[in-house]
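Enquirer: sequence and predicted structure, then a few things I'm wondering about:
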Amino acid sequence: MVFGEKLKSMRQQRGWSQDELAEKLFVSRQSVSKWENNQNYPSIEIIIKISDLFEVTIDELLRSDEELTKKVIDDSKQLAYPGLKVLFDLLFLLGVTLLIIKLAVLGLNKLAGMDLSLGDSWVWNFGPLVLMVGAGIGSGIVKEKYKKE
């Protein structure tokens, strides 16, 4: 039995209309209708609510429908990658910040005749480039990995 048929059957056993179920799940009646007609699937949060409401396991709900199982797996993979993306975004921003500081110091030295020095360290000369390129490559790898899975 696919998810939509199972949901409709459980709802009817309780004597609930689509409107009543929608109210209990805090969704629209149209959403319930689409789920029951297999036109769409609920999010994992709603699946958990349905599981609690009808006192069935999530496994019973998911294993009844292969497409729904695939959707839940894909959704969970998507949630795993934002942490890595944020890390690479922060590294990129750090590189941009270092570059702006370097350019500001060079500009002040040139335009205002100041003699500010950041030193000749590797960090100031190549750090921004390494951080920005590395973050871009890392972000691309994460993106490709998500697409393949």
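Expert: Received the coordinates, thanks.
Enquirer: what are the buried residues along stretch 2-16?
Expert: For stretch 2-16, the neighbour count (16 or more other C-beta atoms under 10 Å) marks 3-4, 6-8, 10-11, 16 as buried. The way it works is simple: take the backbone N, C-alpha and C, and place the C-beta from them, glycine included.
Enquirer: and the contacts of it?
Expert: 1, 18, 21, 24, 32, 35-38, 41, 50, 54, 56, 61, 64-65, 67-68 (C-beta atoms under 8 Å, 6 or more residues apart in numbering).
Enquirer: can you select the buried ones among those for me in ChimeraX?
Expert: Paste this into ChimeraX to select the buried members of the contacts of stretch 2-16, with burial taken from 16+ other C-beta under 10 Å:
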select :18,21,32,35,36,41,50,54,61,64,65,68
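Enquirer: of the contacts of stretch 2-16, which belong to helices?
Expert: Under the assignment DSSP state H, the contacts of stretch 2-16 contribute 18, 21, 24, 32, 35-36, 50, 54, 61, 67-68 to helices.
Enquirer: can you count the residues close to residue 51?
Expert: The local packing of residue 51 (other C-beta atoms under 10 Å) involves 16 other residues.
Enquirer: tell me the helix or strand right after the longest helix along the chain.
Expert: Ranked by residue count, the top helix of the chain under DSSP H comes out as helix 82-111. For helix 82-111, the following helix or strand on the C-terminal side (DSSP states H and E) is helix 122-148.
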